[in-house]
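Student: here's my sequence, what's the structure:
(one chain, ligands or ions: 1)
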Amino acid sequence: MAEHCTNDRQPTFSKPKVELHVHLDGAIRIDTILDVAKQRGILLPADTVAALKGLCTVSEPATLTEFLGKFNQYMHVIAGDRKAIKRIAYEFVEAKAKEGVAYVEVRYSPHFLANSGVEPIPWDQKEGDVTPDEVVRLVNEGLSEGEKAFKVKARSILCCMRHMPNWSMEVVELCKKYRNDGVVAIDLAGDESMNCVAYPGHRNAYEEAVKCGIHRTVHAGEVGPPSVVKEAVDVLKAERIGHGYHTVEDQALYRRLLENNMHFEICPVSSKLTGACDPDFTKHPLIKFKKDKANYSLNTDDPLIFNSTLDTDYATVQKYMGFTDEDFKRLNINAAQASFLPEKEKKDLLNLLYNAYDMVDSTEL
Ligand SMILES: O=c1[nH]cnc2c1ncn2[C@H]1C[C@H](O)[C@@H](CO)O1
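Tutor: Okay, the predicted model is just below:
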């Protein structure tokens, strides 16, 4: 995209930000993929940053299915490698610090990074000994070391995958096991255009999450119809909606979610390049969300694949949707309020934002 952020200019919104929707495996550095491939003796179809970037990124609007295919290019390099898994988590926090993020919730599928105790073994890997459980421990370690090194608060969300309902119960068990080690919620990601209705495996996992007080978000209404959003809210008891653009096509549902102050995790650049929304940003549903004072955040989703940074998203909505600094403050405060942090930590985060934004309290906006 033409309006990409470069490091030599001021960010669109230079105050501390909160990011709630970003995939760890969609946020890996290209040079790290090359480096790990070299170390592991894995031959890639490209051996320079520029060439590999060409294979891993989408620059023109595609479909969600085509976009998800990009993960096939590199996931086998990182999956099943303990050092690499920890490294991508650590480097992720470093990248967020550079973007001015004060708090981030990063999500991933533990099964997609494992090569043992997962059926089927993903990415055509040979069986090894890195289980989904160990993946979570390694990511927790990388995030926690990153937090200390880069002064960014980082928590994680574990993803169930739409096409893999048999993994979901284990995902919620991992959320329970690691709830005191940085895991704050469960998510349901993957190809909503192919699996519209959540399988019983997902429903059971979310029921268990409700029972155990595990926070819940669901990818819904990204490319799928409003009925997926309705199911996410009414059946899976989602507390936040990942994307949710197509909610606006069901007036009654949209009104209800506005009244209930449902939080939408909006990813502008992603929504164009996955074909989720009209590529003309001046027709984006976010304009309606903004007009209606909906509760939403701005997020990168998969910065590796979109060749973007958080600033790309901020610059896009500033340029095409008239977002101002006041709008950015308001949406970041909403993001902090919708975060899955415990109340005391949420309050601290909100105070950090109020101070940085020269605000006394939330009633100012
Ligand atoms: O935008 C997305 N929609 C649905 N699924 C997604 C999106 N971005 C990434 N994913 C999938 C692919 C990843 O491997 C997985 C876990 O992070 O989640």
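
Student: okay, helices next: where are they in the stretch 1-150 of the chain?
Tutor: For the stretch 1-150 of the chain, helices defined by DSSP state H, counting those that start in this stretch occupy the ranges 30-40, 49-56, 64-69, 75-78, 82-98, 132-150.

Student: pull the first one out as CSV, backbone CA atoms only.
Tutor: Included here for helix 30-40 are C-alpha records, laid out as CSV according to Å, rounded to 0.1, in the frame of the first residue of the first chain:
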residue,chain,number,x,y,z
ILE,A,30,10.7,-11.7,7.5
ASP,A,31,14.4,-11.6,8.4
THR,A,32,13.7,-13.9,11.3
ILE,A,33,12.0,-16.4,9.0
LEU,A,34,15.1,-16.4,6.7
ASP,A,35,17.4,-16.7,9.7
VAL,A,36,15.6,-19.6,11.3
ALA,A,37,15.3,-21.4,8.0
LYS,A,38,19.0,-21.1,7.5
GLN,A,39,19.7,-22.4,11.0
ARG,A,40,17.4,-25.3,10.6
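
Student: who are the packing partners of that helix?
Tutor: helix 49-56, helix 75-78, helix 82-98 (3 or more CB pairs under 8 Å, 6 or more residues apart in numbering; DSSP states H and E). The C-beta positions use only the backbone N, C-alpha and C, and glycine is treated the same way.

Student: ok, residues contacting it?
Tutor: Helix 30-40 is contacted by residues 42-44, 47-49, 52-53, 56, 74, 77-78, 81, 83-84, 87-88, 91, 304 when judged by CB atoms under 8 Å, 6 or more residues apart in numbering.

Student: how many residues are close by Lys285?
Tutor: One thing to correct before we go on: residue 285 is Pro, not Lys. 23 (other CB atoms under 10 Å).

Student: which residue sits closest to Leu113, ignoring its sequence neighbours?
Tutor: Val135 (4.5 Å; CB to CB, 6 or more residues apart in numbering).

Student: average pLDDT across the host helix or strand of Cys175?
Tutor: Per DSSP states H and E, Cys175 falls inside helix 168-177. Mean pLDDT, helix 168-177: 98.

Student: how far off centre is it?
Tutor: 18 Å (CA atoms, centre = their mean, to the nearest Å).

Student: other residues contacting the following helix or strand past it?
Tutor: With elements assigned by DSSP H and E, the helix or strand that comes after helix 168-177 is strand 183-189. Strand 183-189 is contacted from outside by 23, 105, 107, 109, 136, 140, 155-162, 168, 171-172, 174-175, 198, 202, 205-206, 209, 214-220, 232, 236, 242, 339-341, using CB under 8 Å, 6+ apart.
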